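**Q** Need a 3D model of the following:
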Amino acid sequence: MFTSICGVLGKRIISFCAAGGRITILFLQTLKRLKEADWHEVVRQMALLGADSLPIVLMTILCTGMVFSVQTAKEFVRLGASSTVGGIVAIAMARELVPVLVGVVVAGRIGAAIAAELGTMKVTEQIDALRVMAANPVSFLVVPRFIAMVLMMPLLVVFANFIGNIGGWIVAHYYAGIGTFTYTNSIKTLAEFYDVFGGMLKSCVFGAIIAIIGCYKGLNAPNGAEGVGLATTASVVLSIILIFIFNYFLSIVIYI
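**A** A predicted model of the protein is given here:
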């Protein structure tokens, strides 16, 4: 029994390491072929992967900003620290909440779409047809999506920070009775541009993770409709896990 458990565990570890190696190779191949990008396709992917995600991102972050302000405003007013509410909300949103939540939302919406699209192409042998026509799948499929995600994620974060702070102000002003000047002046006093810039740097990494994982799972989807579904689910799960892991290390590097 112990031998069988060790055998299963060993197979899982080997499979995990092999998958990590293949993902790394795909990432390096993508970086190598960035200069071959078709910018018309990149712009199209930016619209599909970035601009179309803006409404759901803004709605998510607006609610998050309001909830976070609900949890802090009343207590800060009770403790006589109402002049710091805006800055606290802005810093927390810019550094952690906005980049991570935008990454999670985009991973659920876009990571799944990329994996499903490429998985369907793989199952229907369209990717094999690209190779027959001497077109490299990495250049044709992965690079435009990678560039689009890396470029659009920081823009989504900027808009999300703006709407998140509006949500925080709405609650702080109408629920906790904090004046508009007090709230905005707190942001100016406590928050710095580097807080937002650090979140934008995080979002670039998260965008790269979502694109690479989605493309990898799609290009390696098992045959059949079930395989596409499994690849799509695995893409979302793995992307979100990596976003949380990388967020921890990026926070240490950027802010500490």
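
**Q** so Asn223 is in which element?
**A** Element membership for Asn223, per DSSP states H and E: none, as it lies in no helix or strand.

**Q** burial measure for it, as a count.
**A** Each residue near Asn223 was counted by other CB atoms under 10 Å, and the total is 11. From N, CA and C alone the C-beta is placed, and that goes for glycine too.

**Q** which residues does it contact?
**A** Val123 (CB atoms under 8 Å, 6 or more residues apart in numbering).

**Q** From what I see, Pro137 and Arg131 are in contact.
**A** Yes. With contacts defined as CB atoms under 8 Å, Pro137 counts as touching Arg131 at a distance of 6.8 Å.

**Q** more crowded one of these two?
**A** Pro137 (19 against 10).

**Q** And that one, its phi and psi?
**A** Reported as degrees, to the nearest 10, the phi and psi values for Pro137 are phi -60, psi -30.

**Q** before we move on, what about Pro222?
**A** Reported as degrees, to the nearest 10, the phi and psi values for Pro222 are phi -60, psi 160.

**Q** what about it, neighbour count?
**A** Using other CB under 10 Å, Pro222 is surrounded by 13 other residues.

**Q** Now the residue lying closest to it once chain neighbours are set aside: which helix or strand?
**A** Counting by CB to CB, 6 or more residues apart in numbering, Pro222 lies nearest to Leu230, which is 6.5 Å off, once chain neighbours are set aside. Assessed by DSSP H and E, Leu230 sits inside helix 225-255.

**Q** Give me the helices and strands touching that helix, please.
**A** Packed against helix 225-255 by the contact rule (3 or more CB pairs under 8 Å, 6 or more residues apart in numbering; DSSP states H and E) you find helix 98-106, helix 112-123, helix 193-219.

**Q** so of those helices, which one's packed in deepest?
**A** Each of the helices and strands packed on helix 225-255 was scored by mean neighbour count; the highest is helix 98-106, a mean of 25, by mean count of other CB atoms under 10 Å.

**Q** re earlier: mean pLDDT and distance to Val85 added to the helices and strands packed on helix 225-255, as CSV?
**A** Formatted as CSV, the helices and strands packed on helix 225-255 follow (pLDDT from 0 to 100; distance: least, CB to CB, whole Å):
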stretch, mean pLDDT, distance to Val85
helix 98-106, 95, 17
helix 112-123, 91, 36
helix 193-219, 94, 16
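
**Q** so which of those helices gets nearest Ala81?
**A** helix 193-219 (19.1 Å; CB to CB).

**Q** could you check the angle helix 225-255 makes with that closest one?
**A** Relative orientation of helix 193-219 and helix 225-255, computed by axes from the mean of the first three to the mean of the last three CA atoms, to 10 degrees: 160 degrees.

**Q** and the helix holding Leu230 with helix 112-123, angle?
**A** Comparing the axes of helix 225-255 and helix 112-123 via the same axes, to 10 degrees yields an angle of 140 degrees.

**Q** Helix 225-255: which residues count as buried?
**A** Neighbour counts over helix 225-255 (16 or more other CB atoms under 10 Å) mark 228, 230-232, 234-236, 238-240, 242-243, 246-247, 250-251 as buried.

**Q** how about Val102, what does it touch?
**A** Contact criterion CB under 8 Å, 6+ apart gives Val57, Thr60, Ile61, Met153, Leu156, Val157, Ala160, Ser203, Phe206 as the residues in contact with Val102.

**Q** go with 7 Å
**A** Contact analysis of Val102 by CB atoms under 7 Å, 6 or more residues apart in numbering lists Val57, Met153, Leu156, Val157, Ala160, Ser203.

**Q** Now name the helix or strand holding the third one.
**A** Assigned by DSSP H and E, Leu156 belongs to helix 143-174.

**Q** which strands and helices sit next to that helix?
**A** helix 39-49, helix 54-78, helix 85-92, helix 98-106, helix 180-190, helix 193-219 (3 or more CB pairs under 7 Å, 6 or more residues apart in numbering; DSSP states H and E).
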